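Visitor: need coordinates for the below:
(chains A and B)
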Amino acid sequence: MLEHTVKSYEEELKLLDRKIAQMGGLAERQLAESFDALERRDPDLAEQVIASDKRIDALEREVQEHVIAIIARRQPIAVDLRQIMAVLNISGDLERCGDLAKNIAKRALAIAPESHPKPIITGLNHMVELASHQLKDVLDAYATRNAERAVAVWHADSKLDNLYNSIFRELLTYMMEDPRNIGLSTHLLFGAKNIERVGDHTTNIAETVHFLVTGQNLTDDRPKGDQTSTTLISPDWDKKV
Amino acid sequence: MQQLPIGATKMLSTVKPLLAETAAETKITARGVSVFYGEKQALFDVDVDIPKNSVMAFIGPSGCGKSTFLRCINRMNDTIPIARTEGTITIDGRDIDDPELDVVELRARVGMVFQKPNPFPKSIYENVAYGPRIHGLANSKSELDGIVENSLRRAGLMKEVHDRMNEPGTGLSGGQQQRLCIARAIATSPDVMLMDEPCSALDPIATARVEELIDELRESLTIIIVTHSMQQAARVSQRTAFFHLGKLVEESETTTMFRNPSDQRTQDYITGRFG
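Guide: From the prediction side, this is the model:
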């Protein structure tokens, strides 16, 4: 694409892209470190993750201020307008990813003294790896303005949902085995749900990238993979699975 | 054109009956319109349909042919000896080049407002009364008074000039002069109004008044406005046409044009990326 005749305008738009890249990098790191803190039962790292969330929040505010200034001064249209709207949406999604990582870190602190069930941690590890990979992919799709790659990320979210469904079931079984597991399991369940929600924000970003590049909304219904909202446990629940 | 996603196509098909009811009929149709100034071709094969009671904006860099095309619509190019026009333009289905059509009548029906306000060096009253008088639209002085007052009122100028109708039109401010020219143009009850950068010599407040006026006049007129201001095109028009190097590159709904233009040249021009 050609550059703007007005170079300062071009610079302002590029600055927004750099801020998104910075926020994305931070969100990826926060997610990985929050899980490390949980897996290694490392309260110091957990505290560090909680503290670092402020940086993402500050970046989101900076992005908002820049966007408002550009709207006021430049009245962006067409692809520039779509970029401005995309940046605003994506920064919101990334800020939420940061919050979710912070929440995992808080739970890591709470359950640090307890011993964690190995299969669940392995499952969570898969989820975090997949969610991080998806987040990285969608940010690359944004940076390279690649709608096809964004759509691929959008479709791949169902894998994360499937992993979450199986962890949900495993944790329910674990709780039913011994009520003393309920406290720990609930924290782990929320942790898993947080990672699943990072995936949802990632699909939001994918939709935004698709709109930015093509000017069209992704209107197909994405297959909804998270069935846990409609799952009910009954006394013989574990016999059915 | 980009293929619409399945959902969108489905949505469009459900909306269609609604649109059909409100869809405006075509007022002006241009087919294969080319204009030559001597050897030089200024306009290439323009096809466009302009809907009734709407505002269409023509945008494009200087020398792109938008004013040339605008001047075809009331045959103003006839006044340039070396100009030659090909193709057909119809208004309400009637060919404007029909030899039986009186060009003076045509220009009474197709009013025009220019970039620089150009009131006659006459009184405010006479500026507006001139057209109806030469076209014999009033049978009496009171009828003429009525037309003048009504035109000034529609142009949003009546309150400002009611007590100085006999003062020279040239004594008004720039914005008032432009609205006087609009009042003069609507005095002959045209059904099409051509505006060639009508606000480029006006301050923002006078511009806003003219834009408000354009929006009101749209109820009874079909308006075509040439503008260099993207924001103005976005604000006042329902459809926008982008001209480049004498060709009509893209014509679509204004919201589509400014959100997601389909041609790269349009995108580059409206976002300020031109070479």
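Visitor: what about the strands in chain B?
Guide: B:26-37, B:40-51, B:55-59, B:83-91, B:94-95, B:110-113, B:192-196, B:222-226, B:239-244, B:247-253 (DSSP state E).
Visitor: can I get those strands in CSV including distance to chain A?
Guide: The way it works is simple: take the backbone N, C-alpha and C, and place the C-beta from them, glycine included. Listed next are the strands of chain B as CSV, based on distance: least, Cβ to the nearest Cβ, whole Å:
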stretch, distance to chain A
strand B:26-37, 25
strand B:40-51, 21
strand B:55-59, 11
strand B:83-91, 30
strand B:94-95, 36
strand B:110-113, 25
strand B:192-196, 21
strand B:222-226, 17
strand B:239-244, 11
strand B:247-253, 11
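Visitor: in CSV, list those along with distance to A:Leu184, mean pLDDT and mean neighbour count.
Guide: Putting the strands of chain B into CSV (distance: least, Cβ to Cβ, whole Å; pLDDT from 0 to 100; neighbours: other Cβ atoms under 10 Å in any protein chain shown) gives the following:
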stretch, distance to A:Leu184, mean pLDDT, mean neighbour count
strand B:26-37, 71, 96, 18
strand B:40-51, 67, 97, 17
strand B:55-59, 65, 97, 25
strand B:83-91, 79, 95, 17
strand B:94-95, 84, 94, 12
strand B:110-113, 77, 94, 23
strand B:192-196, 73, 97, 24
strand B:222-226, 69, 97, 25
strand B:239-244, 62, 97, 25
strand B:247-253, 58, 96, 18
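Visitor: out of those strands, which gets nearest to A:Leu94?
Guide: A:Leu94 lies closest to strand B:247-253 among the strands of chain B, at 33.2 Å (Cβ to Cβ).
Visitor: can you list the strands that the closest one pairs with?
Guide: Sheet pairing here is set by DSSP bridges, and for strand B:247-253 it gives strand B:239-244 (antiparallel).
Visitor: circling back: now tabulate the strands of chain B in a markdown table and tack on distance to A:Ser185.
Guide: Converted to a markdown table, the strands of chain B look like this (distance: least, Cβ to Cβ, whole Å):
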| stretch | distance to A:Ser185 |
| --- | --- |
| strand B:26-37 | 68 |
| strand B:40-51 | 64 |
| strand B:55-59 | 63 |
| strand B:83-91 | 77 |
| strand B:94-95 | 81 |
| strand B:110-113 | 75 |
| strand B:192-196 | 71 |
| strand B:222-226 | 67 |
| strand B:239-244 | 60 |
| strand B:247-253 | 55 |
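Visitor: so B:Ser54 sits right up against B:Val236, yeah?
Guide: No: contact criterion Cβ atoms under 8 Å: B:Ser54 and B:Val236 do not qualify, at 10.5 Å.
Visitor: against B:Val226, how distant is B:Ala208?
Guide: 19 Å (Cβ to Cβ, to the nearest Å).
Visitor: next one: B:Met56
Guide: The value you get for B:Met56 to B:Val226, if Cβ to Cβ is used, is 10 Å.
Visitor: again, but for A:Leu160
Guide: Taken as Cβ to Cβ, the span from A:Leu160 to B:Val226 is 54 Å.
Visitor: do the same with B:Arg84
Guide: 21 Å.
Visitor: follow-up on the earlier one: B:Ser54 and B:Val236 - which one has more neighbours?
Guide: Between B:Ser54 and B:Val236, counted using other Cβ atoms under 10 Å in any protein chain shown, the more crowded position is B:Val236 (25 against 17).
Visitor: so who does the more buried one touch?
Guide: By Cβ atoms under 8 Å, 6 or more residues apart in numbering or on different chains, the residues touching B:Val236 are B:Val55, B:Ala57, B:Glu211, B:Ile214, B:Asp215, B:Ile225.
Visitor: rerun that using 6 Å as the cut-off
Guide: B:Val55, B:Glu211, B:Ile214 (Cβ atoms under 6 Å, 6 or more residues apart in numbering or on different chains).
Visitor: specify the beta-bridge partners of the nearest residue to B:Lys66 once chain neighbours are set aside.
Guide: Nearest non-adjacent residue to B:Lys66, counting by Cβ to Cβ, 6 or more residues apart in numbering or on different chains: B:Phe58, 4.0 Å away. Assessed by DSSP bridges, B:Phe58 has beta-bridge partners B:Val226, B:Ala241.
Visitor: how about B:Phe58, what does it touch?
Guide: B:Lys66, B:Val226, B:Ala241.
Visitor: same thing with B:Asn53?
Guide: Residues in contact with B:Asn53, defined by Cβ under 6 Å, 6+ apart, are B:Ala24, B:Arg218.
Visitor: distance of it from B:Arg179?
Guide: In terms of Cβ to Cβ, B:Asn53 sits 21 Å off from B:Arg179.
Visitor: what of B:Asp98?
Guide: The value you get for B:Asp98 to B:Arg179, if Cβ to Cβ is used, is 33 Å.
Visitor: for these two, indicate the residue with more neighbours.
Guide: B:Arg179 (28 against 11).
Visitor: from what I can see the more buried one touches B:Arg154, true?
Guide: No: using Cβ atoms under 6 Å, B:Arg179 makes no contact with B:Arg154, being 9.8 Å away.
Visitor: any weak-confidence spans in the chain?
Guide: Going with chain A. Residues of chain A that meet the criterion pLDDT under 70 lie in A:220, A:222-225, A:233-241.
Visitor: looking at chain B here, not the other one
Guide: Chain B contains residues with pLDDT under 70 at B:1-23, B:275.
Visitor: where's the most centrally placed residue in it relative to B:Pro117, distance?
Guide: Nearest residue to the geometric centre of chain B (Cα atoms, centre = their mean): B:Ile224, 2.3 Å. When distance is defined by Cβ to Cβ, B:Ile224 is 19 Å away from B:Pro117.
Visitor: and the closest residue to B:Val33 other than its chain neighbours, what does it touch?
Guide: Leaving aside its sequence neighbours, B:Val33 sits nearest to B:Gly87 (Cβ to Cβ, 6+ apart; 3.7 Å). Going by Cβ under 6 Å, 6+ apart, B:Gly87 touches B:Arg31, B:Gly32, B:Val33, B:Ser34.
Visitor: 8 Å instead?
Guide: B:Ala30, B:Arg31, B:Gly32, B:Val33, B:Ser34, B:Asp45, B:Val46.
Visitor: likewise B:Gly174?
Guide: With Cβ under 8 Å, 6+ apart, B:Gly174 has these contacts: B:Pro117, B:Ala201, B:Leu202, B:Asp203, B:Ala206.
Visitor: ok, now which ones touch the fourth one?
Guide: Right, B:Asp203. B:Gly174, B:Gly175.
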